[in-house]
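Q: Dropping a prediction and its sequence here:
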Amino acid sequence: MSKNNLKFNSKTIHGGQQPDKAYGAVMPPIYQTSTYAQATPGTHKGYAYSRSANPTRTALENSIASIENGNYGMAFGSGLAAIDAVIKLCNPGDEVVSTNDLYGGSYRLFKKIFEKYGIIFHFIGMENAANIEKYITDKTKLLWVETPTNPMMNIIDIVAVSSLAKKHNVLLAVDNTFATPYLQRPLDLGADIVMHSATKYLGGHSDVVVGALIVNDKALAEELYFIQNASGAICGPMDSFLVLRGIKTLHVRMQRHCENGKAIATYLRNHPKVEKVFWPGFKDHPNHNIAKSQMKDFGGMISFIPKGGTYAAAIKIVEKLQVFTLAESLGGVESLAGHPASMTHGSIPKAEREKIGVVDALIRLSVGIEDEEDLIEDLKQAIG
């Protein structure tokens, strides 16, 4: 049976992998080397210098491509390094249409780094795909989508946006960090590029920082490989090994993240001291039906606003949490709580944040894989 035909759960363990050719090691070895011996100049065993390629990184890139149903994978030093490579496909004067509810680091990269090189960014609501087309011009190069969005959990219709991208001959890139390929596979829905902060769910253990891109088109892959090698923002072999290890349990972890996420979202929604809960699994979520059609489940990311909607109320809650850890990031086995306005989205101006709902009272939860009863008890004592 070909490993290319495996179902998802099996792909996380075997996809794109083979035993080490030297000694048959089941897990890819950590090739902690910068360079490789050559028989004659230019004649080697496929590896010359580890910025260009490293066997451990290759194993990771093959694994990530496999679970996203892609042909080509690239691993970077961080999710932002992966995004940086995508924007380097653009030239001065090109335009990028991006969702207005997105990770603060992405916004900062677009506005503070690339805008000064003449690339123009439009940040718009994409929950209604019909709203996008009026922003597409003959200068548009790329549509940048997060779904679910960070931190408001908005859902964007990947099939509909893909149809627009193809109609206007522009690229569609989807940040799939929140959903992971366990829940949705954007390439299958028409995207050209999938991006991951593999730091999060793919690594899954809060011990590594890695980014990834996955594509199907060979010419696009070659252009991105060139940028990866020329710019050099690659991840090291140890980091590659750690994410490979994480991917092997992605399916079982995500199942528990989803189960716990549903329990926590339901608890918060029924809590008398909680004003609003943002989670795409609710039937009255604005794009619940789209989420249901393009995702296998609804994930473990939740945002909520406590009653009264004040900064002080939010800070009091996150400081009292004991099982949830107050920390940046998400997607680890442990539950994390964050305050987007002062943490992950602090780089977005306050007025812009509040337009999309990232108010000072908003709390974001990354629900881990602990016992749901312990998580609920923690929220109960923190909210009061």
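A: Ah, there it is. Numbering: from 1, shown residues only.
Q: If you count contacts, what does the longest helix seen in the chain end up packed against?
A: Of all the segments of type helix in the chain, defined by DSSP state H, the longest one is helix 250-269. Other elements packing on helix 250-269 under the criterion 3 or more CB pairs under 8 Å, 6 or more residues apart in numbering; DSSP states H and E are helix 8-14, helix 180-183, strand 274-278, strand 301-306, helix 372-383. For glycine as for every other residue, the C-beta is placed from the backbone atoms N, C-alpha and C.
Q: so which of the ones you listed gets nearest Gly125?
A: strand 274-278 (14.7 Å; CB to CB).
Q: List the neighbouring strands of the closest one plus their orientation.
A: strand 301-306 (antiparallel) (DSSP bridges).
Q: contacting residues around the strand it pairs with?
A: 148, 150-153, 178, 261, 264-265, 268, 273-279, 313-314, 317, 330, 340, 359, 361-367, 383 (CB atoms under 8 Å, 6 or more residues apart in numbering).
Q: And those residues, which of them are buried?
A: 148, 150-153, 178, 261, 264-265, 268, 274, 277-279, 313-314, 317, 330, 340, 359, 361-367, 383 (16 or more other CB atoms under 10 Å).
Q: What ranges does the stretch 1-150 of the chain have for its helices?
A: Along the stretch 1-150 of the chain, counting by DSSP state H, counting those that start in this stretch, helices occupy 8-14, 55-67, 79-87, 104-108.
Q: now the last one, how far from the chain's geometric center?
A: Its chain's C-alpha centre and that of helix 104-108 lie 13 Å apart, by CA atoms, centre = their mean, to the nearest Å.
Q: Show me what that helix is packed against.
A: With contacts taken as 3+ CB pairs under 8 Å, 6+ apart, helix 104-108 sits against helix 79-87.
Q: The second one too?
A: With contacts defined as 3+ CB pairs under 8 Å, 6+ apart, the secondary structure elements packing on helix 55-67 are helix 8-14, strand 72-76, strand 211-215, helix 237-247.
Q: Rebuild these as a markdown table, extending it with mean neighbour count, mean pLDDT and distance to Thr140.
A: Below are the helices and strands packed on helix 55-67 laid out as a markdown table (neighbours: other CB atoms under 10 Å; pLDDT from 0 to 100; distance: least, CB to CB, whole Å):
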| stretch | mean neighbour count | mean pLDDT | distance to Thr140 |
| --- | --- | --- | --- |
| helix 8-14 | 17 | 96 | 33 |
| strand 72-76 | 25 | 98 | 24 |
| strand 211-215 | 28 | 98 | 19 |
| helix 237-247 | 23 | 98 | 33 |
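Q: Out of these, which is closest to Asp20?
A: When the helices and strands packed on helix 55-67 are compared by CB to CB, helix 237-247 sits nearest Asp20, at 12.1 Å.
Q: Report the inter-axis angle for that closest one versus strand 211-215.
A: 70 degrees (axes from the mean of the first three to the mean of the last three CA atoms, to 10 degrees).
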